[in-house]
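Chemist: missing the sequence, but the structure's below:
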């Protein structure tokens, strides 16, 4: 494994920081010594899988991987910085994901920058996921809610105190490295901080060859300020994240750059009313600005060069309140979210060529929600709520150079020629009713009760809705701009798509004793008007897809019905003072009911067993992961002999062995080393897409293989 110069700088900083320093206070950013706990079961706030920055493994730069060990969670890997979080078969805009409370917008139509793209691992304090039914105030989405929090100093108990967090890592599978540093000052009332990180990696090695293109580069910068008084607090931050030359092997193009600016202001106050309960108020404001370019010629070979430039801007405001009411807590709020998108395709070898595939996209949502949780009769706890959301989507007229050729010379391009197909689809789209208004209703009802001192039961019913993504409604020509599906198909949108409506039932048992913790969850979800692709029947669409995209079987976005069901189990037990056992398992099925087909990218059954040994500052862990054969591939999306970009093959099962060790050199200084995929097994994930880049050792149309044997090391130093 190579240790690159920037990593050595980070190691040197950590070594210098080993000089005598003031006593470090215990904070939430420290994992407790001994047998570290990565999964927190049965907490009062129902958050599960809280992964502290101390405990994040250095195996990959994407923070999505930090949640992969939680039952029900899977990762759709499109590239090293382009992993999409999946929970119980739902992913993309069906998941509610926030970073420091902010809803991330995606700069490109193929989701090359999913939400955790903007959460560099070395700058994160923690990531978390709420299992089952999420609170209405935690954001929209049919699936579970995930959060990421950046590092920042805690307020001190006295005067101004310095704060420093240095995080450096290296991995062998891609000769990757990362260095991050966060520093600041904090007093009892104020805190001021800044952060910087740099990550680089080459093409990664699989058990069956090098995957090209899969290199990456990402830089992040941040500044923040916090102020608190006895009843008020204010937090503000500005961040800039720049990604350059990052491969996305399962998509038709690669990242040339993402240049993203994020800001938020979070103000809270508490109003007192004599002897009555105080009223907690919060005002959250946030904004996003994304500039993005991708192309198909800098990191891969291409017969026809293409480059897309995309722009996205977003604004968000939430007003929230909370107050004790009727032996419980009432909370609610008002929300507003607006985002705009534009994307234009060009050809560097032919400057006159262009296609405005998305122009003037608008997505504006206004919402109001109210929820209450507290004790009711019979020892039961109730959590219930309602949210109303009005969403308006719209798009401007589109255009393309081939269609303009018909404008200039109508008689020169008869039916059957590509320019005429562009012209007809443009005219059809521009004449359509593109302004759509959805009125969505979300409801939840969660009952829980202690059956014994160490056993709790949860019953949950929920209705969740999702307005279709702009790619699903407004993609007017057949392209693979489909929010990162990675299935190798071309799609055409439908402005008249209905919102998805999910009805969910969940049953859970949670156990927590002095020596063990466990959970068992069973769930069923019916999704009406689920959005997926159906074979296109329009001859113009088929002809253009055949001639321009090389796919004679394009798909139309359409509403169908889908059903998901499964079981998840998680168990941890302390066997001795030094040894702990961990077990987890997931079984999930998903089907498209109307078509008797399977959902695409559905995670197969999985079981993992781990042993941890801890004594003093040293912790050793061995994990064996068993993944079963894929239950069923999506025939609709992958059984397509005329399309060389995918294959209808069930993925075989596999087993992976992972080892790691952690040594707390002293308080505040920790070193992690380990190896993933110890036996260098060749495997493919059913949640990965199909390779689209023709110049690597993995052929076009094959599933993206998993990473080969990976040695990794990480050093973290904290001065708190």
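Modeler: Structure received. Treat the numbers as computed from the prediction; the structure is a model and nothing was measured.
Chemist: element containing residue 404?
Modeler: Per DSSP states H and E, residue 404 falls inside helix 401-408.
Chemist: Give me the three-state assignment for residue 427.
Modeler: The three-state label given to residue 427 by DSSP: H, G, I helix; E, B strand; the rest coil is helix.
Chemist: Tell me, how many residues neighbour the closest residue to residue 189 other than its chain neighbours?
Modeler: Closest residue to residue 189 apart from its sequence neighbours, by CB to CB, 6 or more residues apart in numbering: residue 228 at 5.9 Å. Placement of C-beta: from N, CA and C, glycine included. Neighbour count for residue 228, taken as other CB atoms under 10 Å: 16.
Chemist: swap in residue 229?
Modeler: Neighbours of residue 229 (other CB under 10 Å): 10.
Chemist: can you check residue 86 too?
Modeler: Other residues lying near residue 86 total 25 when counted by other CB under 10 Å.
Chemist: Likewise for residue 176?
Modeler: 26.
Chemist: residues contacting it?
Modeler: Residue 176 makes contact with 61, 170, 199-202, 216 under the criterion CB atoms under 8 Å, 6 or more residues apart in numbering.
Chemist: just curious, which of the residues you listed is nearest to residue 241?
Modeler: residue 199 (10.7 Å; CB to CB).
Chemist: nearest spatial neighbour of that closest one, skipping sequence neighbours?
Modeler: Here the residue nearest residue 199, using CB to CB, 6+ apart, is residue 178, at 4.0 Å.
Chemist: Residue 121 is in contact with the one you found, correct?
Modeler: Yes. Counting by CB atoms under 8 Å, residue 121 is a contact partner of residue 178 at 7.0 Å.
Chemist: how much space between residue 142 and residue 61?
Modeler: Distance, residue 142 to residue 61, by CB to CB, to the nearest Å: 28 Å.
Chemist: Kindly report the same for residue 568.
Modeler: For residue 568, the distance to residue 61 - CB to CB - is 27 Å.
Chemist: Compare neighbour counts for these two and give me the winner.
Modeler: Relative neighbour count places residue 61 above the other of residue 568 and residue 61, with 26 against 23, counting by other CB under 10 Å.
Chemist: who's in contact with that one?
Modeler: Residues near residue 61 by CB under 8 Å, 6+ apart: 80-81, 120-121, 176, 178, 199, 201, 216, 218.
Chemist: ok, those residues vs residue 576, which is closest?
Modeler: residue 121 (32.3 Å).
Chemist: For residue 613, give me phi and psi.
Modeler: phi -120, psi 130 (degrees, to the nearest 10).
Chemist: So what touches the strand or helix carrying residue 541?
Modeler: Taking DSSP H and E as the definition, residue 541 sits inside helix 539-544. Contact with helix 539-544 is made by 416, 418, 421-422, 424-425, 477-478, 492, 536, 552-554, 556, as judged by CB under 8 Å, 6+ apart.
Chemist: Could you single out the nearest of the contacts of residue 176 to residue 625?
Modeler: Distances from residue 625 to the contacts of residue 176, taken by CB to CB, are shortest for residue 61, at 20.7 Å.
Chemist: pretty sure that closest one is in a strand, no?
Modeler: No. Under the criterion used here (three-state DSSP), residue 61 is coil, not part of a strand.
Chemist: where does it land on pLDDT?
Modeler: Residue 61 carries a pLDDT value of 84.
Chemist: Identify the residues contacting residue 151.
Modeler: Counting by CB under 8 Å, 6+ apart, residue 151 makes contact with 29, 53, 123-125, 165, 182, 195.
Chemist: Let's see the pLDDT reported for the closest residue to residue 669 other than its chain neighbours.
Modeler: What sits nearest to residue 669 in space, not counting adjacent residues and going by CB to CB, 6+ apart, is residue 717, at 5.0 Å. In this prediction, residue 717 carries a pLDDT score of 95.
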